[in-house]
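*Asks:* here is my input; please provide its structure:
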Amino acid sequence: MLCKFTRNCLRLARRLDCKSKEPKVNKRAHMQAWSEIRQKSDKTRDHLTRTKHSFRQEQIMNATVVDIEKLSPTVRGIKMSVSTGYQNGNFKAGQWVDMTIPGISTVGGFSICSCPNDLEQHGILEFAVKYSDHPPAKWIHEQCHVGSTVILCFGGDFYHDPVAERDEHLLLISAGVGINPIYSILRERSAFLRQDPQRYSDNKISTMLLYCARTAEELLFKDEIQHICRVTPNTEYELFVTQENKLQQIEDEIPIHYGRISQDHLQRTVNSFQKSPLCYICGPPGFIDATVVKLENLGLHSDNVKYEKWW
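*Replies:* Predicted structure coming up:
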């Protein structure tokens, strides 16, 4: 039996299919449904159950797919336009959405790879979704098209606050599609630093991104990351490929390390900062567990190591 939250979202989704104008959102039903979800036992391991104790916005909204792009052999990028009135101050870089899709009973959870400025200024959200048999991800790869409509709700306790963390050095680490929230944080950090580049250049505020994937083709946003680091003060990046060597790699202007992010490499990176950095990590659970241990071995305090595990 579907939970009340899902039933309510699916009702709204059906209304999206049969009405040309935007339906009204039943906020009371949404919040009541979430109260019931939090009381349920952990009998399944889906997105809603795993995140039932996470922060969620009260507001839910309609969104329409306006662009679809093949980012890699296994990852599809989608851009969505959010309904008018929901653009201001709804999420922070690093957070995710609950995504309710018409005709799909499973609610998806996807990290946002765009930054809050994109939503505020253009009403746009972006996602990079890897193919899987999970119904929402499979729908995005096999059925989603320009004009498709979904219902979204922002949530998550993993995020970057550019104002509160303006004087922090940031070490951003990601693996695979774990780049989504990390890329959002990088974009938000860049936009903030570029507001006053002279101040931050003088103070040597630093940002470093370490990003690994199995193959060079699976390194998402390479060109965009290179551009951001080129135009942002004291911002650098390093890319890693773990399951191919240079002989297998097509000629690329962007330098790539072949192998995993090692303890020695992390030590050199941490030592390059003028003070202990604030770390954000996202990727598969095993990658995160290993990286956290390596950082702790380097003396970083656990309060300065934040991570988001996807499964």
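
*Asks:* what segments of the protein are strands?
*Replies:* 56-70, 75-82, 96-100, 108-111, 124-130, 149-155, 170-175, 207-213, 235-241, 257-258, 278-283, 305-309 (DSSP state E).

*Asks:* let me have those strands in TSV, extended by mean pLDDT, distance to residue 228 and mean neighbour count.
*Replies:* No exception for glycine: its C-beta is placed from N, CA and C like everyone else's. Written out in TSV, the entries for these read as follows (pLDDT from 0 to 100; distance: least, CB to CB, whole Å; neighbours: other CB atoms under 10 Å):
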stretch	mean pLDDT	distance to residue 228	mean neighbour count
strand 56-70	93	18	17
strand 75-82	97	17	20
strand 96-100	96	21	26
strand 108-111	96	18	23
strand 124-130	97	14	22
strand 149-155	95	23	23
strand 170-175	97	11	26
strand 207-213	96	9	24
strand 235-241	95	7	18
strand 257-258	88	19	15
strand 278-283	97	15	24
strand 305-309	91	20	19
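
*Asks:* with distance to residue 138 added, can I get those strands in CSV?
*Replies:* Supplementary listing: the strands of the chain in CSV, determined by distance: least, CB to CB, whole Å:
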stretch, distance to residue 138
strand 56-70, 15
strand 75-82, 11
strand 96-100, 13
strand 108-111, 10
strand 124-130, 10
strand 149-155, 14
strand 170-175, 22
strand 207-213, 21
strand 235-241, 27
strand 257-258, 32
strand 278-283, 22
strand 305-309, 22
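
*Asks:* which of these sits closest to residue 49?
*Replies:* Of all the strands of the chain, the one in closest proximity to residue 49, counting by CB to CB, is strand 108-111 (10.5 Å).

*Asks:* where does the protein dip in pLDDT?
*Replies:* In the predicted model, the chain carries pLDDT under 70 at residues 1-45, 84-89, 201-203, 246-253, 311.

*Asks:* domain-wise, how is it divided?
*Replies:* Taking automatic domain parsing as the domain assignment, the record places the domains of the chain at 4-155, 170-309.

*Asks:* quick one: contacts for residue 277?
*Replies:* 168, 169, 170, 171, 206, 208, 270, 300, 304 (CB atoms under 8 Å, 6 or more residues apart in numbering).

*Asks:* rerun that using 7 Å as the cut-off
*Replies:* Contact criterion CB atoms under 7 Å, 6 or more residues apart in numbering gives 169, 170, 171, 270 as the residues in contact with residue 277.

*Asks:* what separation do you get for residue 309 and residue 284?
*Replies:* Between residue 309 and residue 284 the computed distance is 8 Å (CB to CB, to the nearest Å).

*Asks:* surely residue 131 and residue 141 touch.
*Replies:* Yes: proximity of residue 131 to residue 141 meets the contact threshold set by CB atoms under 7 Å, at 4.8 Å.

*Asks:* so residue 193 touches residue 233, yeah?
*Replies:* Yes: here residue 193 lies in contact with residue 233, judged by CB under 7 Å, at a distance of 5.6 Å.
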